[in-house]
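[1] One predicted model, sequence on top.
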Amino acid sequence: PSTSGDSIRRRFLEFYAARGHTILPSASLVPEDPTVLLTIAGMLQFKPIFLGKVPREVPCAATSQRCIRTNDIENVGRTSRHQTFFEMLGNFSFGDYFKQEAIKWAWELSTVEFGLPAENLWISVYEDDDETFAIWHDKMGVPANRIKKLGEEDNFWTSGATGPCGPCSEIYYDFHPEKGHLDVDLGDDSRFIEFYNLVFMQYNRKEDGSLEPLKQKNIDTGLGLERMARILQRVPNNYETDLIFPIIKKAADLAYESYSLADESAKTNLKIIGDHMRAIVYLISDGVFPSNIGRGYVVRRLIRRAVRTGRLLGIRGDGVGNLEGAFLPLLAEEVIKLSTNIDPDVKTRTPRILEELKREELRFVQTLERGEKLLEEILTDALLIGLRNGTVPCISGKDAFLLYDTYGFPVEITREVADERGVGIDMVGFDVEMENQRRQSQAAHNTVKLSVEDGAELMENIPDTNFLGYDTLFTKAVVEG
Ligand code: ATP
Ligand code: MG
Ligand code: MG
Ligand code: MG
């Protein structure tokens with residue numbers, strides 16, 4: 001059977017459809033749940049059912065949910081398994097089947113449907129969950145030396161201080177079984193990959209902290225599509241699967257690089273672009289446009305990172321001769337080509353996505369180029385002073401703030417560039433400057449608001465925390481234009 005990303009997704013859904021599950025569409029990356037910014041897991045659209053707030057419509061369901069995890073942004077390209085954007089395959093039971101079936105099917109899916117050798121699979125269980133240990137050991141025949149008991153932090157799921165909760169159990173693939181069973185760390189990225197997480201929602205935690213068994217027990221699971229693709233396609237990381245690699249290939253072409261010949265740092269940069277471009281396109285497609293607050297700021301940050309990463313790879317302009325051009329739209333086209341089975345609506349939104357990216361990129365490049373010159377001088381000074389005094393070179397909070405406030409140069413980029421050169425940055429000093437600015441700008445905002453007609457629209461673009469500098473530039477452009 002085919003191991004393409006598309007067929008893995010299809011086979012997963014068909015497997016659970018054949019076992020009574022209703023296949024439901026992915027929810028938007030913008031969740032209805034007001035407590036989270038973006039959709040981080042497949043269970044999110046079912047949370048009201050799990051919490052007993054709305055009745056179930058079906059006893060059990062399966063989905064392929066597109067997810068964004070910004071907390072993994074630093075891992076992208078550095079571990080083999082983390083993206084900011086990924087698809088989580090999931091099967092869910094709303095008071096229907098429980099542990100026995102969930103484990104049996106997860107095992108059958110992994111070893112029969114996807115054909116993974118049982119000897120390569122490791123299991124983690126919650127240390128107090130003897131029932132789950134017994135199912136894996138006695139019923140599935142997994143030897144005890146491949147079942148790891150982990151603590152509350154790793155293997156107990158809660159949705160808050162009180163409410164539904166329960167133990168979880170994960171399945172890991174072992175790329176190096178020859179390393180044996182001693183001193184095993186399932187988090188070791190060079191040996192293992194976690195691919196399937198089964199959550200057994202079986203308790204209600206009461207105000208006093210005690211656990212009472214739920215009448216209606218639920219199952220919530222997540223299997224990373226790119227992780228399964230990586231295992232089955234026998235590539236060294238998620239980025240080299242057919243779900244992401246075509247975007248990397250395109251970026252490498254624009255940089256006149258070959259991925260296979262590139263050095264490690266160029267490879268990391270290409271992986272970052274491959275990941276971020278997917279996140280950016282799916283966010284915009286779901287209606288998240290670059291701005292300075294909330295979700296809009298997430299997409300803006302990803303775009304800036306993609307632009308800067310592209311420049312580090314030597315991509316200038318549109319990469320094929322037009323220096324006034326933008327390259328993100330060309331990469332976005334690759335993402336869109338791959339979108340058919342992830343979200344068919346993306347294609348219909350192509351013009352808007354490309355337009356938005358072009359505008360945002362060109363605007364940011366101007367900012368970057370102005371800031372880069374000044375940053376270079378600041379870095380040279382910091383290195384000289386460090387050398388002279390025999391201290392660790394460091395950018396002052398004042399300088400970082402000057403770059404940010406006057407040049408619109410994002411501080412996280414200052415930090416990244418400085419880091420690449422072995423220079424530190426005084427973030428405490430920066431925060432002090434920020435706070436001063438915030439206080440002063442309160443009054444300024446009021447003035448701006450009074451001086452333009454469409455005050456409400458403009459106010460939306462004025463953040464109350466981040467990026468006053470960049471925003472000032474934008475506000476000016478709006479007022480002048
Ligand atoms: P890890 O420990 O590797 O960070 P996790 O325990 O945070 O993963 P879960 O919250 O259990 O992940 O999510 C369920 C599944 O979703 C994981 O088993 C994995 O297959 C997939 N997954 C989670 N985070 C990512 C990510 N950043 N990129 C790709 N797949 C992911
Ligand atoms: Mg994680
Ligand atoms: Mg984990
Ligand atoms: Mg997990």
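    Okay, I see it. From a predicted model like this one, the values you see are computed outputs, not experimental measurements. Ligands and ions are numbered 1, 2, ... in the order given.
[2] Pull the number of nearby residues for His297.
    You called it His, but residue 297 is Tyr. Tyr297 sits with 18 neighbouring residues when counted by other C-beta atoms under 10 Å. Placement of C-beta: from N, CA and C, glycine included.
[3] near ligand 1 at all, the helix or strand encompassing it?
    Assigning secondary structure by DSSP states H and E places Tyr297 in helix 294-312. No: if you take C-beta under 6 Å from any ligand atom as the test, helix 294-312 misses ligand 1, and the best it gets is 13.8 Å.
[4] Can you spell out which helices and strands pack onto that helix?
    With contacts taken as 3 or more C-beta pairs under 8 Å, 6 or more residues apart in numbering; DSSP states H and E, helix 294-312 sits against helix 264-285, helix 328-337, helix 350-389, helix 411-420.
[5] change it to 7 Å
    helix 264-285, helix 328-337, helix 350-389 (3 or more C-beta pairs under 7 Å, 6 or more residues apart in numbering; DSSP states H and E).
[6] Now the weakest link among those, please, by mean pLDDT.
    Of all the helices and strands packed on helix 294-312, helix 350-389 carries the lowest average pLDDT, namely a mean of 94.
[7] right, and the helix or strand after that one?
    In the C-terminal direction from helix 350-389 (assignment by DSSP H and E), the next one is strand 394-395.
[8] thinking again about what came up before, want to throw the helices and strands packed on helix 294-312 into JSON lines with distance to ligand 1 and mean neighbour count?
    Output for these, formatted as JSON lines (distance: least, C-beta to the nearest ligand atom, whole Å; neighbours: other C-beta atoms under 10 Å):
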{"stretch": "helix 264-285", "distance to ligand 1": "9", "mean neighbour count": "25"}
{"stretch": "helix 328-337", "distance to ligand 1": "16", "mean neighbour count": "21"}
{"stretch": "helix 350-389", "distance to ligand 1": "22", "mean neighbour count": "16"}
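[9] So which bits of stretch 232-241 are buried?
    Neighbour-count burial for stretch 232-241, counted by 16 or more other C-beta atoms under 10 Å, picks out Leu232, Gln233, Asn237, Asn238, Tyr239, Glu240, Thr241.
[10] which of the residues you listed lies closest to ligand 1?
    Asn238 (6.2 Å; C-beta to the nearest ligand atom).
[11] residues touching the closest one, list them.
    Shown in contact with Asn238 (C-beta atoms under 7 Å, 6 or more residues apart in numbering): Ser80, Arg81, Gln83, Glu226, Arg227, Arg230, Ile244.
[12] got a markdown table for these, with distance to ligand 1 and secondary structure too?
    Formatted as a markdown table, the contacts of Asn238 follow (distance: C-beta to the nearest ligand atom, whole Å; DSSP: H, G, I helix; E, B strand; the rest coil):
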| residue | distance to ligand 1 | secondary structure |
| --- | --- | --- |
| Ser80 | 10 | coil |
| Arg81 | 6 | coil |
| Gln83 | 4 | coil |
| Glu226 | 6 | helix |
| Arg227 | 4 | helix |
| Arg230 | 9 | helix |
| Ile244 | 10 | coil |
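[13] could those residues be laid out in CSV, adding distance to Met140 and pLDDT?
    Formatted as CSV, the contacts of Asn238 follow (distance: C-beta to C-beta, whole Å; pLDDT from 0 to 100):
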residue, distance to Met140, pLDDT
Ser80, 27, 98
Arg81, 24, 98
Gln83, 30, 98
Glu226, 25, 98
Arg227, 21, 98
Arg230, 24, 98
Ile244, 32, 98
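[14] Am I right that Glu194 is in a strand?
    Yes: under DSSP: H, G, I helix; E, B strand; the rest coil, Glu194 sits within a strand.
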